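Engineer: Show me the folded form of this:
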Amino acid sequence: MQLYVQRLLGGDATVLPLILYTIGEYSSSFSALAPWEKSLYQHLVKLLLVAGKHLKNDTHNITQSVAIEHGALAQRILCTAFLRGGDTAAEVCRSLLQVGIKGCREMCLDRYIDVSPGILEHVLQFVLFLTKLFHVRPSDILTGRESNQRAEHAGRAHTLSPSVPAQWGFSENSRLESSGNGIVPRRSNHRRWRDLPGKPSYVPSRQNPMYSDREGEGYWIPPQFPTPVLAFARKFGIGCEPHLPNLSVSFLPTTLLGSGASEDPHFTVRSPSIVASRRLMEARNFEQQGDSLFSRYLSNGLLLIWGSVVAFNGLENFTTNFESESGSTFSDAFFFSPIVLTPPIPVVSMTCGAKSCHVVTVENKVYSCGSNEHGQLGCGQSKEIPLFFPRIYGDGHQCFYHVPLCSEDRIVKVEAGSEFVVAVIRERNQMYFWGGNGCGQCLLPKSKTVSRPVMVDVPNEYGQIKEVACGSVFAAVLFSDGKIGMWGKDSMLGETFSSEKLCDTETGTGTKCAKLTIVSKPIEGEIVALRAGPFHCIAITSAGHAYSWGVDRSGSLGHGTGHSGNKIQRIESLANHVVIDASCGSFHSAVLTRDGIVLVFGENTCGQLGLRGEAPRTTPEPLPLPKPAIAVSCGREHTCVLLEDGDIMSCGTVRSCGMGLGYGARFNIPQRNFWSYLLLSMASKSIHGMAVGLPRSLSLHPVGASNGIVSTDELRRLKQTILRQGVRTVAAGNGFLFVVTVAGEVQAIGQSQRGQLGIGDTTIPCTDTFKKVAFPERVVLCAVDCGADYAIGLSSHCGVYSWGWNSHGQLGHGDSVPLHESLFTPREIKALRWREVTQVACGGTFAVALTQDGEVYTWGESLYCGHPRVVAPCLTTPMLLEGLKDVVAVAAGVSHAVALSYDHRIYAWGRGPLGNGGSCNTIECTPVALKFAHCVRQLGCGPFNTFAITDLGELFVWGLNDHGQCGVHHCEGPPPSWDEKLNSHTDRKQERRQRHATSSSEVLFPTHVAHGVRDAAFGASCGILIWEDGSSAVSGEIHQDGKKVLFHRFTPQRLAMTSRHQNKEGNSSHVLGKESSPVFFSRCFGGFDMLFVLLEWER
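Structural biologist: Numbers count the residues shown, from 1 in each chain. Sure, this is the predicted structure:
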């Protein structure tokens, strides 16, 4: 065999049939990899990629015939090797994961199906193997419609593995039965369903009331997901601790759980069709009886990560793996938008350290990623064989490393401190420790660092371990008899202990610590939960009381002023609340009550409390939320709140809260986040976070005619793209449109004679099909905004790119692009390369950019740039707007712009009405402050008006209202035409006409028009809002049933459709009508002459 492989590597492909025959006969008893296997599988994958290049050509020739023959043999060899299992299957998976989904698409597997029916069965088996490996559909790998249909049919007809290899440990008497999804074990009796209680429980439950388990043998993993609480909350109200019931892993044969496997410190990729899928099928089939959401997660669960790159890639990979197109250290250091991963095996629990992340999978294994500076990954210095978590979008992957724990130990909880990790073993008073031990965090007497897990005994006279919480240099454990055991730095233990129980730390600073568990009963009530941050801790009792201790910086303990944190003390200001959960950041805290209210206290310099201003709060204050919360998670600079409908709201800095670029710099009012995902659980620490969930079923629909830019066929194709990739934002200019997916793909359609679309084609004046914008290689777009005939995009590395018509220098490239010239492809604005731009906004002929430091830059037509002493009519490069400081968000209309400061002051400049009483004839050359007393969650502009949504969901609107687009009823005056309004800043005839318009066609001050608003958007002649209940309303002039309809106020509307399934596929009408619909209006987007709504199905 080795001789055949050497010949193949030397270029002799004639040995492929011999390799196929030999590897099929190769003894499956060889568990270790042969020396030649790794090179063989990597070469076969490369062979398929090379064959794919030859097959891209539509013409048939001898080269393609040879490529198909060699490629088909390579596919059969890979599948045959995979079915051997063990290390061989692991190496096959690893070789394919390294090329990613994109590489698999480049193999052109469709051509094998179309050209040679004789190899159809083998090709389809290989395609199904890839779909299972990457957790994708055949349509993500195949491009042809007929090929997709064949693969889907084949997937329903049989599983990937027609037989079960003996080495997987199935005994002859294993109890199996057939189902529609393949062969699965019977459901065991170690777990049983329990009916919902008749009344809500207003006491934190140690176990979710929807489930119970039997006493006796059996092993359990407690997932964190609060999905049963969603159903419980809808029926009874929030009344239990937000954790899933225990998920049994004892209903499968012992050999299937890996108890007979060797203690290899590296992860071995098991066959997903044999081991993982069988366990998932059993869990899925059982969970469908009570919680289909969790069942969906087991099938299609995603892992989202955001924040510090070091926490996911480690210090050693930081400078090499993330090469920015702009060279900005700030942009290289963070994932501003979440990276979406598809775990090979579903994650059921997770925790974050200061520079690391840790997950527990459904197969009871622990994996780590991030920095290993203090041994916190738990895998020693040997990390040659990581577990790849493929990214759904892009060609990359994330490496997680297996933590070598005894396979017989069932891990019920993993908790990370700043630099160390604790894993609790079920029904045994033993715990695994690894990481930093300078202050005795790992309960070891001498070692300063523990690079691999060490098992430590815990006193068993106090009952079983119920809970563990870890800080920076301390930890606490809760026993079943109500006592707390603590160890670590002495000042963090909540009590004063005698010197006999303390010793010197390993840091050499002379401080004292406890390296043994010190057990005490600090309070009378029964403690049911412990939550720790780096420097303080919160305990929750069964009565819903909260106690805190630790470092009381900026009021992080919630006791007000003048209190010491050395002693455990009740938070008296929470006496009127029943607390069921809490989270501790570095110097702030958040608690969750039984009513779904979140109260916050502590430091607020980064907006992490979600409250106005930077002043700390020394006692708890309620966080303004649109719906009840079911979970909360705090980092150093951010707070994330999970609402009962699966939405996450975040506040804090842009680098840590996961909001992504394009929305602002800091968010001191909670903002909705991760719009395209239904989140089930989350974890935070320092300046990063993790979440798990599902993709939402979304589709984009125009409101009214929306200028007829998008045809029905193109809309249908766009909907399919959004169903696969989600949508990040939509932006519209004067006759053209951009759609940005979560994957960073930018689709453009409409007018292109001046380069507005950025597709690079100078010969097409207009396109009626979506085209990809021609961004440079490695540039991933996060946000885009449109002017009249140009657009500006913001990349994931804070690079600012512009394209289109440069009539007034609004492209920002200085003399390199002359005035009245066009750019047909995006070009980076070099003047902003080092400015760390987080948001851009486009006016008609000018542009605005906001930086991470709260500075505002403007350029373009100087009349609307806000600068007091500019003589030139055009600013061709960005110029700092010195009158504004500490700005957190900006927006722009055709001839005006607004900015929101950190203390919630709104500033406006340009042509009125700006909200300060000036009419459309007034121009403010410099920013003026508006009289607006509310805290603003969202600030935006239509072409000729402005709107603000407050922290309480109140919608205020001001500006032109000639068509009733502001939702404020007016008496009819002579409304100007759209073309006249667009050019009003240069057309004096238009100014004279507006003088005769009635004052009621202008809303001169911020005017309240609706409450309970989720989102809003405005076009030139109409507006749309979405309420929190998922319904919507429109105001102004829209096209409906082939005619214009005028709504003077916001009028409730629903999407007209023939059926739900037809509409998801784009086969029905997309106008707004008054029929009720089962869909949920999620978001809305406005532009010059069009509006779009994002609909969610199966919410």
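
Engineer: hey, which strand is longest across the protein?
Structural biologist: strand 1043-1055 (DSSP state E).

Engineer: other SSEs contacting it?
Structural biologist: The contact analysis (3 or more Cβ pairs under 8 Å, 6 or more residues apart in numbering; DSSP states H and E) places strand 1043-1055 against strand 1002-1010, strand 1022-1027, strand 1032-1040, strand 1072-1073. C-betas here are computed from N, CA, C, even on glycine.

Engineer: Can you tell me which of those strands is most buried?
Structural biologist: Neighbour counts (mean count of other Cβ atoms under 10 Å) averaged over each of the helices and strands packed on strand 1043-1055 peak at strand 1022-1027, with a mean of 26.

Engineer: by contact count, what packs against that strand?
Structural biologist: Using 3+ Cβ pairs under 8 Å, 6+ apart: strand 1022-1027 touches strand 1013-1018, strand 1032-1040, strand 1043-1055, strand 1080-1086, strand 1091-1097.

Engineer: which SSE is the most centrally placed residue in the chain in?
Structural biologist: The residue lying closest to the centre of the chain (Cα atoms, centre = their mean) is Pro338, at 4.2 Å. In this assignment (DSSP states H and E), Pro338 forms part of strand 334-341.

Engineer: Next one, pLDDT for the residue nearest to the centre of the chain please.
Structural biologist: Predicted confidence (pLDDT) for Pro338: 89.

Engineer: Also the one 3 residues further on?
Structural biologist: Among the per-residue scores, Leu341 holds a pLDDT of 89.

Engineer: And the strand holding Pro338, what does it pack against?
Structural biologist: Partner elements for strand 334-341 (3+ Cβ pairs under 8 Å, 6+ apart): strand 302-308, strand 397-402.

Engineer: go again using 10 Å as the cut-off
Structural biologist: Other elements packing on strand 334-341 under the criterion 3 or more Cβ pairs under 10 Å, 6 or more residues apart in numbering; DSSP states H and E are strand 302-308, helix 310-313, strand 387-390, strand 397-402, strand 688-695, strand 781-786.

Engineer: ok now the longest helix anywhere in the chain, how far from the chain's centre?
Structural biologist: Using DSSP state H to define each element, the chain has its longest helix at helix 62-83. Its chain's C-alpha centre and that of helix 62-83 lie 37 Å apart, by Cα atoms, centre = their mean, to the nearest Å.

Engineer: Give me the nearest residue to His536, chain neighbours excluded.
Structural biologist: Counting by Cβ to Cβ, 6 or more residues apart in numbering, Gly550 is the residue found nearest to His536 once chain neighbours are left out, at 2.9 Å.

Engineer: and what of Ile119?
Structural biologist: Going by Cβ to Cβ, 6+ apart, Ile119 has Ala72 as its nearest residue, at 4.6 Å.

Engineer: Let me see the domain layout of this structure.
Structural biologist: 2-157, 300-694 (automatic domain parsing).

Engineer: Could you check how far the last one is from the centre of its chain?
Structural biologist: Right, domain 300-694. With Cα atoms, centre = their mean, you get 18 Å for domain 300-694.

Engineer: Ends of stretch 476-495, what's the gap?
Structural biologist: Using Cα to Cα, to the nearest Å, the end-to-end distance of stretch 476-495 comes to 12 Å.

Engineer: average model confidence for it?
Structural biologist: pLDDT averaged over stretch 476-495 gives 85.

Engineer: Pull stretch 870-880 out as PDB, backbone CA atoms only.
Structural biologist: What follows is stretch 870-880, C-alpha atoms only, in PDB (Å, rounded to 0.1, in the frame of the first residue of the first chain):
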ATOM      1  CA  VAL A 870     -15.100  76.400   5.300                       C
ATOM      2  CA  VAL A 871     -14.600  78.500   2.200                       C
ATOM      3  CA  ALA A 872     -14.400  75.800  -0.400                       C
ATOM      4  CA  PRO A 873     -17.700  74.500  -1.800                       C
ATOM      5  CA  CYS A 874     -16.500  70.900  -1.500                       C
ATOM      6  CA  LEU A 875     -14.500  69.000   1.000                       C
ATOM      7  CA  THR A 876     -12.800  66.200  -0.900                       C
ATOM      8  CA  THR A 877     -11.200  64.500   2.100                       C
ATOM      9  CA  PRO A 878     -12.700  63.800   5.600                       C
ATOM     10  CA  MET A 879     -12.400  66.600   8.000                       C
ATOM     11  CA  LEU A 880     -12.800  66.400  11.800                       C
END
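
Engineer: what about it, average pLDDT?
Structural biologist: Stretch 870-880 carries an average pLDDT of 91.

Engineer: What residues sit buried inside that stretch?
Structural biologist: Within stretch 870-880, the residues that qualify as buried are Cys874, Leu875, Thr876, Thr877, Pro878, Met879, counting by 16 or more other Cβ atoms under 10 Å.

Engineer: Could you check how far the fourth one is from Ser802?
Structural biologist: Between Thr877 and Ser802 the computed distance is 12 Å (Cβ to Cβ, to the nearest Å).

Engineer: Between these two, which contacts overlap?
Structural biologist: Leu811, Gly812, His813, Ile829, Leu832, Trp859 (Cβ atoms under 10 Å, 6 or more residues apart in numbering).

Engineer: mind listing what the third one touches?
Structural biologist: To tie it back to what came earlier, the one meant is His813. Per Cβ under 10 Å, 6+ apart, neighbours of His813: Ser802, Asn806, Glu821, Leu823, Arg827, Glu828, Ile829, Lys830, Ala831, Trp859, Thr876, Thr877.

Engineer: So it versus Cys782, what's the distance?
Structural biologist: His813 is 21 Å from Cys782, by Cβ to Cβ.

Engineer: What of the second one?
Structural biologist: Gly812 sits 18 Å away from Cys782, going by Cβ to Cβ.

Engineer: now the angle between strand 781-786 and the stretch of helix or strand Pro826 belongs to, please.
Structural biologist: Taking DSSP H and E as the definition, Pro826 sits inside strand 822-828. Interaxial angle, strand 822-828 versus strand 781-786 (axes from the mean of the first three to the mean of the last three Cα atoms, to 10 degrees): 150 degrees.

Engineer: going on from strand 822-828, what's the next piece of helix or strand?
Structural biologist: strand 837-842.

Engineer: Distance from the chain centre to that following strand, please.
Structural biologist: 21 Å.

Engineer: Tell me which strands the longest strand of the chain pairs with, and in which orientation.
Structural biologist: Here strand 1043-1055 is paired, per DSSP bridges, with strand 1032-1040 (antiparallel), strand 1072-1073 (antiparallel).
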